[in-house]
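In: sequence and predicted structure are below.
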Amino acid sequence: MGASGGIVRGVFPADNARHSSASYEIAAADQIRLRKEIADAGYTLWGIYHSHPGGVPWPSQVDITQAYYRDLFYVIVSCGPGKPAVGVFRIVNGQVSARPVRILPEA
């Protein structure tokens, strides 16, 4: 996710290199491509998003263990039964801190 002025302005998708619904990984080549696309768009790398297809929008133990980027936000979209939900988190040294989400209308 790319941001400008603290607001997410662009979403840059990548394939899950693990082809798994239980964990995710972005291939190194895709990470390089994404960082370039975000910079070329004039944004800074703000966060990483993924979905929990059948779960809640809260970091799993796998998410917490693999949270390598302490300066980024982790966004989890729940696609489970009912209305989709979004959670935003900082994960540092295994500690999860939920952050407020505000969805703005498109400009």
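Out: Okay, I see it. Residues are numbered from 1 along each chain as shown.

In: C-alpha from now on. contacts and neighbour counts both.
Out: Will do.

In: and the helices in this protein?
Out: 28-40, 61-65 (DSSP state H).

In: and residue 82, which of these is closest to it?
Out: helix 61-65 (22.9 Å; CA to CA).

In: contacts for that closest one?
Out: 23, 91, 94-96 (CA atoms under 8 Å, 6 or more residues apart in numbering).

In: and that helix, what's its mean pLDDT?
Out: Averaged over helix 61-65, pLDDT sits at 94.

In: need the CA coordinates for it. PDB is fine.
Out: Extracted C-alpha coordinates of helix 61-65, given in PDB (Å, rounded to 0.1, in the frame of the first residue of the first chain):
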ATOM      1  CA  GLN A  61       0.200 -16.200  15.200                       C
ATOM      2  CA  VAL A  62       1.800 -16.700  11.700                       C
ATOM      3  CA  ASP A  63       1.200 -13.000  10.900                       C
ATOM      4  CA  ILE A  64       2.800 -12.000  14.200                       C
ATOM      5  CA  THR A  65       5.800 -14.200  13.700                       C
END
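
In: pLDDT weak spots in the chain?
Out: 107 (pLDDT under 70).

In: ok so, going back, could you dump the helices of the chain to CSV with mean neighbour count and distance to residue 6?
Out: Converted to CSV, the helices of the chain look like this (neighbours: other CA atoms under 10 Å; distance: least, CA to CA, whole Å):
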stretch, mean neighbour count, distance to residue 6
helix 28-40, 14, 14
helix 61-65, 14, 23
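
In: let's have those helices in TSV, adding distance to residue 78.
Out: Converted to TSV, these look like this (distance: least, CA to CA, whole Å):
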stretch	distance to residue 78
helix 28-40	23
helix 61-65	14
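
In: if we can go back for a sec, tell me which of the contacts of helix 61-65 fall in strands.
Out: Counting by DSSP state E, the contacts of helix 61-65 place 91, 95-96 in strands.

In: most neighbours among the residues you listed, which one?
Out: Among those, residue 91 has the most neighbours (other CA atoms under 10 Å), with 23 neighbours.
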